[in-house]
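Colleague: I'd like to go over a predicted model; first the sequence, then the structure.
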Amino acid sequence: MKYFLLMPTLIFFLLFTLWPIIKVIEMSFYQTNFIVTRFVGLQNYVDLFNNEAFIQSIKNSLLYITILPLLNVIVSVSITFLIADLSKKWQDISKILIYIPVLGGGIILAQVWRWVFAINGLMNWVLSLFNIAPIYWFGDGYISITIICIIVVTTTFGGYVIMLLAALTSIDKSIYEAAKIDGASDFQIKIKIILPLIKSTIALIYLLSMIASLQIFEYIYALVPQQYAATITYNIYVTGFKNSKWGLASAQAVILMVITFILSYFQRKIGNESNK
Amino acid sequence: MKVINKIILVIIFILLFIPIYFMLIGSFQDIYGVSAMPPRIIPKNIIIDNYEYILKYNFGIWSINTIIVTVSTILLSILIATTSGYVFSVYNFRFKNILWSLLLIQMMIPRISMLIPLFVIIKDLKLSGSLIATILPNSISPMEMYLARNYFESIPKSIIESARIDGANEWQILKMIIIPVSKPIISVIALFSGVFALQDYIWQMLVLVDESKQTLLVGIMKLVMRRGGDANLGVNPVGRSFAAGIILLLPLVVLFIIGNKYFIEGLQGAVKE
């Protein structure tokens, strides 16, 4: 019975999880465009050290990973505190409204963000009110990356707020009362008592956001298809699907896999410790 | 205090919905309407040309493909997540913990690192360009298995034990006890996988090359991303891309509004240890 019920999962796991993982490692030792294939050993990995596009994408990814998770945690924690004090009706409506941009996140909302940051778009009009000359927003790496981080935050924090609100409801209410009797202010309670109690959820959000920032693809694809804004993910897409260098793309995919694994491991450790 | 909270929250929501709002009204405007600055907050001379442009292509077949992909992904996801979640919560067997960590390993693997080899694998399986290729790999989700297992763990074991003592076999337990109380978790899985299928641009774009096999997401995006090429007078790339965005956002929002209770429960379930 139990083995019968596990069959579909095992078949799908072998075909679409395990096989790809083994396959991508294998592919990274070959050079192939599907017409000519030859074994090259570790050559793809060696080549990456001198690959300008790859090194740039690593640098960019470091920038994304520095800005995005921090911004996401600050925004979602602050908004969670705003919502948490309100009545249940307000909370329920907020949870629905806050999640709608998440549904359109990626290629769908990229359509309107392109207009917002166009040369004759909304942001430049706002600047013109302050007599600032129009800016070519996506003409520079740093500005593009910052903008993309902000866009990603607006289309992801909704889910995180819902998770944080769930963590808050599991806190024992008597803690608040005790702190209030001791004369702690509202702000003090939030910072000193509540924040440490939801530390593991915050760590989880930070981790999810970190992994997500390595995987930004659609906004770059739709808004700034340039090397100076590319994440590792976007560069892998270009190397493999555009330039047909599948071995080189696979080697990058393996490196990205390892980086993500290490990040998840550390984050989990921090999460577990804060639970103790 | 609460009044200030409410005011700040309303301002945040207004800021959050500015892009979607301009996308909505811009989709009903001509090229002069969408490029007017200051931007029009109330639309003038409403037109539906942008929608006509999109709807006159393969909208029918793309819609059918989208329904096939979404519904199949949902059904397979329900099958996989509920069966595995149930087995891992109720039964004990050798290597249970190792197998469980293996099943969840995909959570820690970036999507692109899976898509590069998957592209080759679906070629080996002779599935290139087919709708099946976009359905199968998306039907196994560690997140959904995790939520399902948590859900089934919350059913008291004593109920199952006493049914066993009363002589019920495993099938009867499944049919009489488990399935009747599974509606919430099935709804959560259905919503998560459905939304994922409707949002999965990158994989569908890579796999579905043939126009008659495309989903709305890929087909419509290709229509509005084709820029500069046919810059005839009166062509309105911005308005069209807005109309495309609205058409693609609509099914997602409808699905979410219908099932938001389950959706939010699912997200909250991801936090509980």
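Modeller: Great, that's in hand.
Colleague: Need the residues that contact the helix or strand harbouring residue B:34.
Modeller: In the assignment (DSSP states H and E), residue B:34 maps to helix B:31-35. Identification of contacts with helix B:31-35 by C-beta atoms under 8 Å, 6 or more residues apart in numbering or on different chains yields A:115, A:120, B:26, B:40, B:43-45, B:234-236, B:238-239, B:242. Placement of C-beta: from N, CA and C, glycine included.
Colleague: Let me see the mean pLDDT of it.
Modeller: The average pLDDT within helix B:31-35 is 79.
Colleague: need the residues of the stretch 151-276 of chain A near chain B, please.
Modeller: By C-beta under 8 Å from any C-beta of the partner chain, the residues of the stretch 151-276 of chain A that approach chain B are A:154, A:159, A:162-167, A:170, A:186, A:200-201, A:204, A:211, A:214-215, A:217-218, A:221-222, A:232-233, A:236-237, A:240-241, A:246, A:249-250, A:253-254, A:256-257, A:260-261, A:264, A:275.
Colleague: what's the neighbour count on residue B:155?
Modeller: Residue B:155 has 16 neighbours, counted by other C-beta atoms under 10 Å in any protein chain shown.
Colleague: And residue B:191, what's its pLDDT?
Modeller: For residue B:191, pLDDT reads 90.
Colleague: Mind naming the longest helix for chain A?
Modeller: helix A:52-84 (DSSP state H).
Colleague: near chain B at all, that helix?
Modeller: Yes. Counting by C-beta under 8 Å from any C-beta, chain B has neighbours in helix A:52-84: A:79, A:82, A:83.
Colleague: what's the distance between the last one and residue A:161?
Modeller: Just to be clear, that refers to residue A:83. 7 Å (C-beta to C-beta, to the nearest Å).
Colleague: Kindly report the same for the second one.
Modeller: Taking C-beta to C-beta as the criterion, residue A:82 is separated from residue A:161 by 9 Å.
Colleague: same thing with residue A:100?
Modeller: Residue A:100 sits 13 Å away from residue A:161, going by C-beta to C-beta.
Colleague: Between those two, which is the more surrounded one?
Modeller: Per other C-beta under 10 Å, whichever of residue A:100 and residue A:161 has more neighbours is residue A:161, with 26 against 20.
Colleague: Provide the contact partners of whichever strand or helix holds the more buried one at residue level.
Modeller: Assigned by DSSP H and E, residue A:161 belongs to helix A:157-169. The contact list for helix A:157-169, computed with C-beta under 8 Å, 6+ apart, reads A:72-73, A:75-77, A:79-80, A:83-84, A:91, A:94-95, A:98-102, A:194, A:198, A:200-202, A:204-205, A:208-209, B:264, B:267-272.
Colleague: hang on, the earlier thing: what do residue A:83 and residue A:161 both touch?
Modeller: With C-beta under 8 Å, 6+ apart, residue A:83 and residue A:161 have common neighbours A:94, A:95.
Colleague: about what we covered before: among the contacts of helix A:157-169, which ones are buried?
Modeller: Among those, those buried by neighbour count (16 or more other C-beta atoms under 10 Å in any protein chain shown) are A:72-73, A:75-77, A:79-80, A:83-84, A:94-95, A:98-102, A:194, A:198, A:200-202, A:204-205, A:208-209, B:264, B:267-271.
Colleague: May I see the buried residues of stretch A:43-54?
Modeller: Buried-residue list, stretch A:43-54, by 16+ other C-beta under 10 Å: A:43, A:44, A:45, A:47, A:48, A:51, A:53, A:54.
Colleague: and the two most separated of those residues?
Modeller: With distances taken as C-beta to C-beta, the most widely separated pair in the buried residues of stretch A:43-54 is A:43 and A:53, at 17.2 Å.
Colleague: just the contacts of helix B:31-35 now: which is nearest residue B:135?
Modeller: residue B:242 (29.4 Å).
Colleague: Could you look up the SS state of residue B:42?
Modeller: Of the three states, residue B:42 takes coil under DSSP: H, G, I helix; E, B strand; the rest coil.
Colleague: Now do the contacts for it.
Modeller: By C-beta under 8 Å, 6+ apart, the residues touching residue B:42 are residue B:25.
Colleague: can you check residue B:174 too?
Modeller: Applying C-beta under 8 Å, 6+ apart, the residues contacting residue B:174 are residue B:86.
Colleague: Find the centremost residue of chain A, please.
Modeller: residue A:212 (2.0 Å; C-alpha atoms, centre = their mean).
Colleague: Might one say that that one is in contact with residue A:64?
Modeller: No. With contacts defined as C-beta atoms under 8 Å, residue A:212 does not count as touching residue A:64, sitting 9.3 Å away.
Colleague: For the chain, give me the ranges with low pLDDT.
Modeller: I went with chain A, as the question did not name one. Counting by pLDDT under 70, chain A shows low-confidence ranges at A:270-276.
Colleague: Sorry, I should have been clearer: chain B.
Modeller: Looking at chain B by pLDDT under 70, you get B:1, B:226-234, B:270-273.
Colleague: now the residue nearest the centre of it, what's its secondary structure?
Modeller: The C-alpha lying nearest the average C-alpha coordinate of chain B belongs to residue B:195 (C-alpha atoms, centre = their mean; 1.5 Å). Using three-state DSSP, the structure places residue B:195 in helix.
Colleague: now residue B:57
Modeller: coil.
Colleague: Neighbours of the closest residue to chain B within the stretch 151-276 of chain A, how many?
Modeller: Nearest residue of the stretch 151-276 of chain A to chain B, counting by C-beta to the nearest C-beta: residue A:166, 3.4 Å away. Per other C-beta under 10 Å, the neighbour tally for residue A:166 reads 20.
Colleague: Now do the helix holding residue A:161 against helix A:52-84, angle only.
Modeller: With axes from the mean of the first three to the mean of the last three C-alpha atoms, to 10 degrees applied, the angle from helix A:157-169 to helix A:52-84 works out at 50 degrees.
Colleague: Okay, buried residues for helix A:157-169 please.
Modeller: A:157, A:158, A:159, A:160, A:161, A:162, A:163, A:164, A:165, A:166, A:167, A:168.
Colleague: Figure out how far it is from the centre of its chain.
Modeller: Here helix A:157-169 shows a centroid-to-chain-centroid distance of 17 Å under the convention C-alpha atoms, centre = their mean, to the nearest Å.
Colleague: ok, now stretch B:95-109?
Modeller: 23 Å.
Colleague: just stretch A:134-152 next, same as before
Modeller: Worked out by C-alpha atoms, centre = their mean, stretch A:134-152 lies 17 Å from the chain centre.
Colleague: hey, where'd the helices end up in chain B?
Modeller: Going by DSSP H, chain B shows helices at B:2-26, B:31-35, B:49-55, B:59-90, B:96-104, B:111-124, B:131-135, B:142-153, B:157-165, B:170-173, B:183-199, B:201-207, B:216-225, B:237-269.
Colleague: now these as CSV including distance to residue A:144?
Modeller: Shown next, in CSV, are the helices of chain B (distance: least, C-beta to C-beta, whole Å):
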stretch, distance to residue A:144
helix B:2-26, 17
helix B:31-35, 22
helix B:49-55, 28
helix B:59-90, 31
helix B:96-104, 34
helix B:111-124, 20
helix B:131-135, 30
helix B:142-153, 30
helix B:157-165, 54
helix B:170-173, 57
helix B:183-199, 23
helix B:201-207, 19
helix B:216-225, 19
helix B:237-269, 19
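Colleague: sorry, back to before: return the members of the contacts of helix B:31-35 classed as buried.
Modeller: For the contacts of helix B:31-35, buried by 16+ other C-beta under 10 Å: A:115, B:26, B:40, B:236, B:238, B:239, B:242.
Colleague: Write out the residues of the stretch 51-200 of chain B neighbouring chain A.
Modeller: B:76, B:79-80, B:83-84, B:86-87, B:90-91, B:93, B:102-103, B:105-114, B:116-121, B:136-137, B:139-140, B:145, B:170-171, B:195, B:199.
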